[in-house]
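> for reference, the sequence and a predicted model appear below.
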Amino acid sequence: MIAIVDLGIGNLANVKKALGGVITSDPYEIEKAEKIVLPGVGNFGAVMEKLEPLRGVILDAINDGKPFLGICLGLQLLFEWSEESEGKGLGIFKGNVVRFRGVRTPHIGWNQVWQKKDCPLFEGIRDGAYFYFVHSYYANPRDESIIAGVTDYQSKGNEVIFASAVCRDNIFGVQFHPEKSSKVGLKLLANFRRL
C-alpha cells in the first residue's frame, strides 16, 4: 500500500489516480504503508507546521528503508530550512531552499530535466524529457551527489540552473509535478510504484 500524505492542501486526487494508494493523515496508516508520497503546495512554514505531528512516523519510515517520494514542496521539505518562511524542514538532506532571483517567478510551465546520475525514477525516460513545473523556490543541496536531475530556467535574459530531482537510497524528490506531466510523468510514478 502507498500512503499519500494528506496535509489538507493541494490536489491529491491526480496523484492517487496515477499511483493508487490511500490519501491519509493517519500516522498508523502511514506507518504500515510500504511506500510514502508527500505531495506539497503552499508555504514551507505553514505546511511544515501541518506535517509536524507526522514528522516522527515519516522519519522512521525513511530510516526503515521504505521508498519515499516528495513532490514539489514535498521535495523542499526534505531539506533543513527555507528562505520562504520560518520553520525547520525534515532535515533529511543538508541544504536549504532559496527563492529564484533575476528571473520571473513563479517558474511555471513545461521545462526539461537533464539527468545527472542513474536514478530508478527515470528508468525508461529519455534525458531532457519535459515535465510540468509551478514554483518560486528551489532546493539548494549541500551534497551535490544527491542531485539526480537539473533544470535550466531562463527568463529576463538571466538563467538559473537548479536541482529538479534528488535521489539517495530509498529517498526521492522531484520539484516538478509528475501527476500533471502527461505520459512521461505517469511513467515516473509507475517507476516509483514498482520500487
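Right, received. Where do you want to start? Numbering: from 1, shown residues only.
> what is the end-to-end distance of stretch 123-136?
28 Å (C-alpha to C-alpha, to the nearest Å).
> what about I92, distance to S145?
14 Å (C-beta to C-beta, to the nearest Å). Heads up, the C-betas are built off the backbone N, CA and C, glycines and all.
> whoops, E31 was the one
Here the criterion is C-beta to C-beta. By it, E31 lies 30 Å from S145.
> so between the two, which is more surrounded?
Remark: of E31 and S145, E31 carries more neighbours, 17 against 11, as counted by other C-beta atoms under 10 Å.
> contact partners for the more buried one?
V57, D60, A61 (C-beta atoms under 8 Å, 6 or more residues apart in numbering).
> could you rerun that using 7 Å?
Residues near E31 by C-beta atoms under 7 Å, 6 or more residues apart in numbering: V57, A61.
> can you tell me the element it falls in?
In this assignment (DSSP states H and E), E31 forms part of helix 27-32.
> next SSE downstream of that helix?
strand 35-40.
> could you point out the helix or strand that follows that following strand?
Assigned by DSSP H and E, the successor of strand 35-40 is helix 44-51.
> what mean pLDDT does that following helix have?
Computed over helix 44-51, the mean pLDDT rounds to 92.
> list the buried residues for that helix?
Using 16 or more other C-beta atoms under 10 Å as the burial criterion, the residues of helix 44-51 that qualify are F44, V47, M48, K50, L51.
> check the offset of it from the chain's centre.
Distance, stretch centre to chain centre, for helix 44-51: 15 Å (C-alpha atoms, centre = their mean, to the nearest Å).
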